[in-house]
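Engineer: My questions are about this predicted structure, shown below with the sequence.
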Amino acid sequence: MTSRRHCFRAVLGGIAVAGVVMLAAGPGGRALAQGDPAPGHATVTDLAGRRVSVPVPVRRVMLGEGRLLHVVAALEPEDPLARVGAWRDDLIEADPGSYRQYLAAFPALAKLPRFGGAENSLVDAESAIALGIDVVLLNIEAMRAVEDARTIEKLGAVGIPVVYVDFRHDPTSNTGPTIRLLGRLFGREARAEQIAAFRDEQIRRVTDVIAARSPARPDVFIERIGGYTDDCCLSFGDGNFGRFVEMAGGNNIARTVIPGTFGQVNPEQVIAADPDHVVVTSAEWEAYVPGGRWIPLGPGADQAEAARKLEWYRSRPAYTGVTANRNRAFHGIWHQFYNSPYDFIAIQQLAKWFHPDLFSALRPEETFRTFHERFLPVAYRPGYWVSLAGPER
């Protein structure tokens, strides 16, 4: 371990880090350099299209996105922490309801080495060495920072491969491949296929109906990260929740305004588009914005409090005169549906709001409960969405 760290320092120099806490030495020297597969290794293609030689199954993985715990738990329900050596702390702050659930079920989570930083920030390479990490998993948003810092080369020189995954940039296209990729890394290919197949089936319960019936599409505005900032009006282009809206039979009015996945729409443009529905993505973000206007959505959320806080959004100048306001068609939905393998639930619930008669028999709550019972080590707790249009909406 000492010689490995010394080699890293002497040959490669420093790297930008994101303060790791609670470090504890772990077994090292297990990962081999990238290149041709060695015994116990396989070559996989990650979500950036890179071919990477990785040890399979992984023994100690570093989660560059803490919310990857959702998919790891589905793959490894007996002990999601068994092969996690460190993780980014974003789940704790961005998704505290889920963190509390998993902490109660797996108290060792509190002692798992963790590090801070945003989704596109760097990992602590020296700590990856100290912890004996086999593989570092990063979001594809981190690619630019990683390339600038030559992190892949630095980690690769000491035998730690980097694998890119994606539940955020293009979840409708990349969630299934990411689940299958992680199944390969964890030696859980069959289970990963079951999870991906369940997801595909649940999405088709919406998209097949939309394709067959071709209903009129209501105009929809998605307000992104409601309450995380006072800015108006952050939204999604033709990706992420914007794509969820289209799959659910709505017309995302920001699709032609925002050229990429994330962007901002002027309040005047929202007023002119006159949306039939306003959907606010939000979560319990007290850690980021104490006392803010975020909507406390997530497992076990207080529905009355969520509805109370959603009501405020009707007073935003961008929405005061639109059709959605007159009809109280304001909805709040858990922001983390795109930082997890659960995007199919968001698509189902959006379809219920946009086409209640067409999807009267669809029960997203039961779909999510079934997923928990079949794949997850924690029980389902409601609280992931709220609507001012009534309980069935």
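Structural biologist: Now that the structure is in, tell me what you want to look at.
Engineer: got a list of contacts for the strand or helix carrying Lys309?
Structural biologist: Assigned by DSSP states H and E, Lys309 falls within helix 303-311. Residues external to helix 303-311 that are found in contact with it (Cβ atoms under 8 Å, 6 or more residues apart in numbering): 227, 280, 293-297, 330-332, 382-383, 386-388. Where C-beta positions appear, they are placed from N, C-alpha and C, glycine not excepted.
Engineer: Could I get the CA-only coordinates of the next helix or strand along the chain from that helix as PDB?
Structural biologist: If you walk from helix 303-311 toward the C-terminus, the next helix or strand you reach (DSSP H and E) is helix 323-326. What follows is the C-alpha trace of helix 323-326 in PDB, where atoms were taken according to Å, rounded to 0.1, in the frame of the first residue of the first chain:
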ATOM      1  CA  THR A 323     -54.300  27.700 -18.100                       C
ATOM      2  CA  ALA A 324     -52.500  25.400 -15.600                       C
ATOM      3  CA  ASN A 325     -53.200  27.900 -12.900                       C
ATOM      4  CA  ARG A 326     -56.800  28.300 -13.700                       C
END
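Engineer: now helix 323-326, how far from the chain's geometric center?
Structural biologist: A distance of 30 Å separates the C-alpha centroid of helix 323-326 from that of its chain, computed with Cα atoms, centre = their mean, to the nearest Å.
Engineer: Mind listing what's buried along it?
Structural biologist: Of the residues in helix 323-326, those with enough neighbours to count as buried (16 or more other Cβ atoms under 10 Å) are Ala324, Asn325.
Engineer: Nearest spatial neighbour of the one residue sitting closest to the centre of the chain, chain-adjacent residues omitted?
Structural biologist: Nearest to the centroid of the C-alpha atoms of the chain, with distances taken as Cα atoms, centre = their mean, sits Asn339, at 0.5 Å. Counting by Cβ to Cβ, 6 or more residues apart in numbering, the nearest residue to Asn339 once its immediate chain neighbours are dropped is Arg67, at 4.3 Å.
Engineer: dump the residue contacts of the closest residue to Gln264 other than its chain neighbours.
Structural biologist: Taking Cβ to Cβ, 6+ apart, and ignoring the residues beside it in sequence, Gln264 has Leu234 as its nearest neighbour in space, at 5.4 Å. The neighbourhood of Leu234, defined by Cβ under 8 Å, 6+ apart, consists of Glu223, Arg224, Ile225, Phe262, Gly263, Gln264, Val265.
Engineer: residues touching Gly249, list them.
Structural biologist: Val206, Ile210, Pro215, Arg217, Ala351, Phe354, His355, Leu358.
Engineer: Distance-wise, check the first one relative to Ile160.
Structural biologist: By that I understand Val206. As defined by Cβ to Cβ, to the nearest Å, Val206 lies at a distance of 40 Å from Ile160.
Engineer: Would you point out the most distant pair within the contacts of Gly249?
Structural biologist: Checked with Cβ to Cβ, the contacts of Gly249 reach their widest spread between Val206 and Arg217, with 13.2 Å between them.
Engineer: Can you tell me which helix or strand of this protein has the lowest average pLDDT?
Structural biologist: The helix or strand of the chain with the lowest confidence, counting by mean pLDDT, DSSP states H and E, is helix 2-12 at a mean of 37.
Engineer: Looking at Val206 and Ile160 now, which is surrounded by more residues?
Structural biologist: A direct count of neighbours by other Cβ atoms under 10 Å for Val206 and Ile160 places Ile160 higher, at 30 against 26.
Engineer: quick one: the more buried one and Leu137 touch, right?
Structural biologist: No - Ile160 sits out of contact with Leu137 when judged by Cβ atoms under 8 Å, with a separation of 11.3 Å.
Engineer: Most widely separated two among the contacts of helix 303-311?
Structural biologist: Of all pairs drawn from the contacts of helix 303-311, the widest gap by Cβ to Cβ lies between Arg293 and Pro382 and measures 22.2 Å.
Engineer: When the two are compared, which one has more neighbours?
Structural biologist: The residue with more neighbours, out of Arg293 and Pro382 and counting by other Cβ under 10 Å, is Arg293; that gives 18 against 12.
Engineer: tell me the secondary structure for that one?
Structural biologist: Here Arg293 is recorded as coil under DSSP: H, G, I helix; E, B strand; the rest coil.
Engineer: Please parse this protein into its domains.
Structural biologist: Taking automatic domain parsing as the criterion, the chain consists of the domains 2-187, 215-387.
Engineer: from the contacts of Leu234, which single one is nearest Leu155?
Structural biologist: For those, the residue nearest Leu155 by Cβ to Cβ is Phe262; the value is 28.0 Å.
Engineer: Who are the contact partners of the closest residue in space to the closest one that isn't next to it in sequence?
Structural biologist: With sequence-adjacent residues excluded and distances taken as Cβ to Cβ, 6+ apart, Phe262 is closest to Phe236, at 6.4 Å. With Cβ under 8 Å, 6+ apart as the criterion, the residues that contact Phe236 are Ile222, Arg224, Gly242, Arg243, Asn252, Ala254, Ile258, Thr261, Phe262, Gly263.
Engineer: Could you dump those into TSV with pLDDT added?
Structural biologist: Formatted as TSV, the entries for the contacts of Phe236 read as follows, by pLDDT from 0 to 100:
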residue	pLDDT
Ile222	97
Arg224	96
Gly242	95
Arg243	95
Asn252	98
Ala254	96
Ile258	94
Thr261	89
Phe262	92
Gly263	94
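Engineer: Appreciated, that's everything.
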